[in-house]
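Colleague: Got a sequence here, can you model it:
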Amino acid sequence: MTYQELINKIVALQDDGLELFNAGKSVLGKNLLATHVGDYSGVQILIQAGIHAREYITSLLLVEMARNLYLNDLVKGGGIYFVFLVDPDGAELVLDGINSVGCEITRNYLISANNGSLDFSQYKANINLVDLNTNFNANWGGGSQNVFCPATEDFVGFYPESEREVHSLINFTLQTRPLLTISYHTKGNVIYYGFEGMTSENLIRDQSIGESFSELTGYPLIFTENSTGGYKDWCIQTLKIPAYTFEVGNENLPHPIGEESLPEIYAKNKDIPLLALQKAKEYANQIDFALHFMQNKVKGEKYESNAKGYYSRLQSRIDRRSSNRSSYC
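Modeller: Numbering: from 1, shown residues only. As a prediction, this is how the structure comes out:
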């Protein structure tokens, strides 16, 4: 598959009658394509995919989900937002190779970070070599696998929310106000829920919802540990809403998971959007998104990062880990 073929599959949803719009922009100015199924009034949920470059199979999964829900008119009394590919620059690099990058300086930078290899099939990051799902301001830099220099995976960025794609997804979430979010990744056939610092009430709520997802898919439900800075984590910590990470595809499959695995993945997950919307409706009385929205986004104010403070915290984390790591560069 080429990058253009991937985009064509998303754009083809318009032929079925779905409306596409932009949830934001990538570093290189690509559109983060999104759609909405159902009613704009009532409870909303958000499902996003492709935040890791090599995991574009999840984008195709969302295409099938959105098409099925729309053509069969299945979503009532609320709505579902789908953001298909949060890291289009990285996906293009994985699918089309280094020659897809127009700037020679950037090409050399990427090749150097890739240990001199021209094979980018395992690449996870965005074009800035930042792992987008570690760049959110949710205990940023505190994950056990985080690294602190540009890399093909796990680099948290020089400060939280440094990346355009992360800003885009945050702003889109604040605009659409979902009461539940799901992030699709590969691989392992597991569901992650929860984050440190949750209230007992929210933890019980989120575990209950997660158990319904587990029962439907057959994926075990696992509480998140030693992982921070993800979109799910930000939704839980900042907005206090239920949020989940689904890792789809058998663990023994190599990255990137190919299209041949899509039918099995889709069969296990096709009813998740409707179940998620149903659960969000049931628990809506426990979620005061408007309150958290006002607390975390002042009118007219954009998200800004206090780089000096973040660098100080970053250095303290590096110092604490120095005995366990020989080098960060």
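
Colleague: residue ranges for the helices of the stretch 201-329 of the chain, please.
Modeller: Taking DSSP state H, counting those that start in this stretch as the test, the helices found in the stretch 201-329 of the chain are 231-234, 262-269, 272-282, 289-296, 307-321.

Colleague: Then the stretch 51-200 of the chain?
Modeller: Under DSSP H, counting those that start in this stretch, the stretch 51-200 of the chain gives helices at 57-71, 88-96, 104-113, 164-176, 200-217.

Colleague: tell me the most buried of these?
Modeller: For the helices of the stretch 51-200 of the chain, the largest average neighbour count (mean count of other CB atoms under 10 Å) is found in helix 88-96, namely a mean of 25. C-beta coordinates here come from the backbone N, C-alpha and C atoms, glycine included.

Colleague: For this protein, give me the ranges with low pLDDT.
Modeller: Filtered on pLDDT under 70, the chain yields the residue ranges 290-329.

Colleague: can we see that at 80?
Modeller: Within the chain, the stretches with pLDDT under 80 are 288-329.

Colleague: How far does stretch 11-24 sit from its chain's centre?
Modeller: On the basis of CA atoms, centre = their mean, to the nearest Å, stretch 11-24 sits 19 Å off its chain's mean C-alpha point.

Colleague: Buried residues of that stretch, list them for me.
Modeller: Across stretch 11-24, burial judged by 16 or more other CB atoms under 10 Å covers Leu13, Leu18, Leu20, Ala23, Gly24.

Colleague: And for stretch 263-270?
Modeller: For stretch 263-270, the neighbour count (16+ other CB under 10 Å) marks Ile265, Tyr266, Lys268, Asn269, Lys270 as buried.

Colleague: Now do the same contact list for the fourth one.
Modeller: The neighbourhood of Asn269, defined by CB atoms under 8 Å, 6 or more residues apart in numbering, consists of Leu61, Met65, Tyr184, Thr217, Phe246, Val248.

Colleague: If you drop the residues flanking it in sequence, what lies closest to Met192?
Modeller: For residue 192 the amino acid is Tyr, not Met. Closest residue in space to Tyr192, ignoring its immediate chain neighbours: Thr245 at 4.2 Å, by CB to CB, 6 or more residues apart in numbering.

Colleague: doesn't Ser183 make contact with the one you found?
Modeller: Yes - if you go by CB atoms under 8 Å, Thr245 and Ser183 touch, sitting 4.8 Å apart.

Colleague: So which of those two has more stuff around it?
Modeller: The neighbour count for Thr245 versus Ser183, taken as other CB atoms under 10 Å, is higher for Ser183 (27 against 22).

Colleague: quick one: contacts for the more buried one?
Modeller: Ser183 neighbours (CB under 8 Å, 6+ apart): Ile47, Gln48, Ala49, Ile51, Asn133, Gly230, Tyr231, Lys232, Ala243, Tyr244, Thr245, Phe246.

Colleague: before we move on, back to that, next, the contact list for the residue nearest to Tyr192, please.
Modeller: Ile182, Ser183, His185, Ile191, Tyr192, Thr224, Gly230, Lys232.

Colleague: what's the answer for Ala91, then?
Modeller: Counting by CB under 8 Å, 6+ apart, Ala91 makes contact with Tyr3, Leu6, Gly50, Ala53, Tyr56, Ser59, Leu85.

Colleague: Identify, from the residues you listed, the entry nearest to Thr152.
Modeller: Checking the contacts of Ala91 against Thr152 with CB to CB, the nearest one is Ala53 at 8.9 Å.

Colleague: how near is the closest one to Glu260?
Modeller: Distance from Ala53 to Glu260, counting by CB to CB, to the nearest Å: 20 Å.

Colleague: Between the two, tell me which one has more neighbours.
Modeller: For Ala53 versus Glu260, neighbours defined as other CB under 10 Å are more numerous around Ala53 (30 against 9).

Colleague: picking that back up, determine which two of the contacts of Asn269 are furthest apart.
Modeller: Using CB to CB, these span at most 13.2 Å, a distance reached by Met65 and Thr217.
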